[in-house]
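Chemist: Quick one: sequence and predicted model below, then my questions.
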Amino acid sequence: MKNKLSFIILIYFALINTVSAKEKIKVFYSGFSFSNNYESNKIFTQYTKKIVNNINTEDKLDIISNNLLKEIKKSNFQNINLDLENLLDFRKYPDNAIVMSIVMQHEEFSQEYSNSLKKFSGFYDSYFQILFYDFSDKSLIASIPFEFEIPMLSNEKFDETEVLKRVKEFYLKDKPFKELIKIINQFNIKRKYDLRIGVTNVKIHERALNHMPKNTKNHLSSMKNLIAQTFSKRLSQNHNVAIVPYAEGQSIGKAMKLRFVQSDEIYDIKIPNPDYHIGIEIKGFKKLLGQESAVEDLYLYGSFVNIEIYQPDLNKYYFNESLRGVTRVKIPKGQVDLNDWRKYYYNLEILFDNFSKNIIKQNQKWMKEASKNKIKKKLKELKMVMDKLK
């Protein structure tokens, strides 16, 4: 009897494994691409544009595409079977194919001189989306945002040539996409999602613009995309949900342009209107001197935002509150050429991350510091919303 029971258990687990294997959805990998209107806004992909121009004659891939492919080939995907055979020939994709692309949206570099280190500190930030879309009608299925940062030090001020060199070395020697597989495995990729969420509106007040980089007003849509991406990444990461990507100034029926590096193919990917709309209002930033000493000063960097999450079909607001976040930053005495925007942006990232985490588990101290209102009940309601999206 014992042997018979053991046999039944073994058969049961074998069947479970078989079902799990069958549940893996087939996905075709289409490679690396750029998104949106960066042909006219090359300043926001200026380093990567130059790197991908160098194509290896043997495999016909640039170093970024090659790095991606190497990382993906050695990976074990839990929820998808990834077809890598037709990377350079989209004509071989079946009409009903689900396609995955790694898409760069934005990159930027900032620097400042550090009195304590006696060096220039540089930061290169790169922002991506992992897109899954239906090849038959080029409609988006799911989008997962991710990003990485390259910190740099130099005795001399960084110029464009030096930054390009450092970024290229990073792609060649490090593993910028090592977390990519882990990120994808957190999500249950499906052919169709019943409900979706995404940032649909970003508003930046004039007093907030005054603390942003000088050219922001000339490239306001790119800043709005960056803020939307920053929020979306934290929400997606903490809740394991796909996000409808933000596209500034476009209504229902909007599209994201993808330009594929390895083939120069350009596709318009249709973006669905999310069921839950997120509105982000950047109201302002503030910097205060908190404490002084002989060697350093403690500054308080504050961000002030309003976040709303709204379901238009039901005309229902789940959240519509003003929030604030404060970061304490120690700055050496006599520090010059401060990059205040990076500190405000870092503070904004923390605020978005804390907001997302408090949907899962409410922290009384954070809620009291972040809002003058009682928001615990509203955050709990958002948890139910996020659970519906998986």
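Modeler: Arrived safely.

Chemist: Could you use CA atoms for every contact and neighbour count after this?
Modeler: OK.

Chemist: what about Tyr246, neighbour count?
Modeler: 23 (other Cα atoms under 10 Å).

Chemist: my guess is it meets Ser221, correct?
Modeler: No: using Cα atoms under 8 Å, Tyr246 is not in contact with Ser221, being 10.4 Å away.

Chemist: those helices in this structure, which residues are they?
Modeler: Secondary structure of the chain (DSSP state H): helices at 2-23, 46-51, 63-73, 160-173, 180-185, 206-209, 220-239, 340-360, 364-370, 376-388.

Chemist: Out of the ones you listed, which is closest to Ile280?
Modeler: Nearest to Ile280, of all those, is helix 220-239, at 7.7 Å by Cα to Cα.

Chemist: Going by neighbour count, which residues of the closest one are buried?
Modeler: 222-239 (16 or more other Cα atoms under 10 Å).

Chemist: Check stretch 332-343 too.
Modeler: Neighbour-count burial for stretch 332-343 flags 332, 341-343 (criterion: 16+ other Cα under 10 Å).

Chemist: By pLDDT, give me the weakest of those.
Modeler: On pLDDT alone, Pro332 ranks lowest of these, at 85.

Chemist: is it in a bridge, and if so with what?
Modeler: Beta-bridge pairing for Pro332 (DSSP bridges): Glu296.

Chemist: That one: what's it in contact with?
Modeler: With contact set as Cα atoms under 8 Å, 6 or more residues apart in numbering, Pro332 has these partners: 115-116, 295-297.

Chemist: Show me where the stretch 251-390 of the chain dips below the pLDDT cut-off.
Modeler: 251-253 (pLDDT under 70).

Chemist: possible to save the helices of the chain as TSV with distance to Leu84?
Modeler: Below are the helices of the chain laid out as TSV (distance: least, Cα to Cα, whole Å):
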stretch	distance to Leu84
helix 2-23	18
helix 46-51	23
helix 63-73	8
helix 160-173	21
helix 180-185	15
helix 206-209	44
helix 220-239	26
helix 340-360	34
helix 364-370	45
helix 376-388	32
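
Chemist: To His106, which of these lies closest?
Modeler: helix 220-239 (7.3 Å).

Chemist: from the chain's centre, how far out does that closest one sit?
Modeler: 6 Å (Cα atoms, centre = their mean, to the nearest Å).

Chemist: For the remainder of this discussion, apply numbering that starts at 613.
Modeler: Sure, I'll start numbering at 613, so the last one becomes helix 832-851.

Chemist: Specify the angle between that helix and helix 988-1000 in degrees.
Modeler: In terms of direction (axes from the mean of the first three to the mean of the last three Cα atoms, to 10 degrees), helix 832-851 departs from helix 988-1000 by 80 degrees.

Chemist: list the helices and strands helix 832-851 packs on?
Modeler: strand 751-766, strand 809-816, helix 952-972 (3 or more Cα pairs under 8 Å, 6 or more residues apart in numbering; DSSP states H and E).

Chemist: What distance do you get for Gln974 to Val853?
Modeler: Per Cα to Cα, to the nearest Å, Gln974 is found 19 Å from Val853.

Chemist: more crowded one of those two?
Modeler: For Gln974 versus Val853, neighbours defined as other Cα under 10 Å are more numerous around Val853 (25 against 18).

Chemist: Tell me which residues touch that one, please.
Modeler: Applying Cα under 8 Å, 6+ apart, the residues near Val853 are 756, 799, 847, 998, 1001-1002.

Chemist: Show the model's pLDDT score for Ser632.
Modeler: Confidence score, pLDDT, at Ser632: 44.

Chemist: same deal with the one 3 residues further on?
Modeler: With respect to pLDDT, Glu635 scores 70.

Chemist: In this model Asn691 seems to touch it, though I could be wrong.
Modeler: Yes: counting by Cα under 8 Å, Asn691 is a contact partner of Glu635 at 7.5 Å.

Chemist: got any residues that touch both of the two?
Modeler: By Cα under 8 Å, 6+ apart, no residue touches both Glu635 and Asn691.

Chemist: Count the neighbours of Pro788 for me.
Modeler: The number of residues near Pro788, taken as other Cα under 10 Å, comes to 18.

Chemist: Ignore what I typed, I meant Tyr805.
Modeler: 12.
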